[in-house]
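In: My questions are about this predicted structure, shown below with the sequence.
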Amino acid sequence: RSRMLKLCKAYPVVLNFHLNAKGGHHDIRRKDPAFDELVHAEFKAELRDIFSDGSHEEDYERICKVKKSGGNTPIEMLTLMRETIAGCLYDNVDPFLVRAMDWECERLCGVFGASERVLRTALPTGFTRHTSRLMFLWANLLPFALYPAMGPLGTLPASVVGAYSLLGIEDIGVQLEEPFDILPLRQYSDGMFDAIGQVERNYKDFKPSSMVSDGSTWATQKPGA
């Protein structure tokens, strides 16, 4: 249980660094010669906060090694989760619960696959260049179309507002091509970390002794029941 909880807390951190080269640390500059080393140091520091009790160090080292070598860290995390779930079969964990955990792991894998497709499937540069040139040409020709109707006083502000609005839409489209650079992934990661911690605390407060099945329904027995 302890190992799976740590992996669940580490997964959003690993996914954040995979989808965003800086991992949300915008003070790190890409032009810095030590960019990779700085990002890797932040990655290790955030994982160390999760693996701070000294247990499951092999998982920590394994994840950091994959990150350092440029491998796919979310896939490695899912592999570790599957290994943990498979080990539950030898720890007298009910097969129903094992299958439920495996199903949730499959869902995580599906979500990661969708994120990977968004990250790796960028629009062809020809589309962006053509759109940018067309917008630039339209903005330059707009004053000539407005002048006969609005005169010299109205043409300038109307042209500025029209060009600003249209070019702003084009800029938004460029940003949507790489949504992981503008989405608040760090806030999502922190929210998931807090939620998992709350689930852990609730479990410790309740502490069910066993899960009993009568063949059709499941019931929870409290200690002493």
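Out: Alright, I've got the coordinates.
In: In a helix, H25, correct?
Out: No - counting by DSSP: H, G, I helix; E, B strand; the rest coil, H25 is not part of a helix but coil.
In: Use 623 as the first number for this chain going forward.
Out: Sure, I'll start counting at 623 from here, so that last one is H647.
In: wait, isn't it in contact with E664?
Out: Yes - judged on CB atoms under 8 Å, H647 makes contact with E664 at a distance of 5.3 Å. C-beta: built from backbone N, CA, C; applies to glycine.
In: got the residue ranges for the helices in the chain?
Out: All helices of the chain, identified by DSSP state H, fall at 624-641, 657-672, 679-690, 695-710, 717-742, 747-798, 807-828.
In: between those, which has the poorest average model confidence?
Out: Lowest mean pLDDT within the helices of the chain: helix 807-828, at a mean of 81.
In: chain center to it, what's the gap?
Out: Computed by CA atoms, centre = their mean, to the nearest Å, the chain-centroid distance of helix 807-828 equals 16 Å.
In: For it, give me every contacting residue.
Out: Here helix 807-828 makes contact (CB atoms under 8 Å, 6 or more residues apart in numbering) with 627, 630-631, 633-635, 637-638, 641-642, 645-646, 844.
In: now the residues you listed as a markdown table including neighbour count?
Out: Shown next, in a markdown table, are these (neighbours: other CB atoms under 10 Å):
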| residue | neighbour count |
| --- | --- |
| L627 | 15 |
| C630 | 21 |
| K631 | 21 |
| Y633 | 22 |
| P634 | 21 |
| V635 | 25 |
| L637 | 23 |
| N638 | 23 |
| L641 | 21 |
| N642 | 20 |
| G645 | 21 |
| G646 | 20 |
| K844 | 10 |
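In: and the residues you listed as JSON lines, adding distance to G748?
Out: Converted to JSON lines, those look like this (distance: CB to CB, whole Å):
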{"residue": "L627", "distance to G748": "48"}
{"residue": "C630", "distance to G748": "42"}
{"residue": "K631", "distance to G748": "43"}
{"residue": "Y633", "distance to G748": "37"}
{"residue": "P634", "distance to G748": "35"}
{"residue": "V635", "distance to G748": "36"}
{"residue": "L637", "distance to G748": "31"}
{"residue": "N638", "distance to G748": "31"}
{"residue": "L641", "distance to G748": "25"}
{"residue": "N642", "distance to G748": "26"}
{"residue": "G645", "distance to G748": "31"}
{"residue": "G646", "distance to G748": "31"}
{"residue": "K844", "distance to G748": "65"}
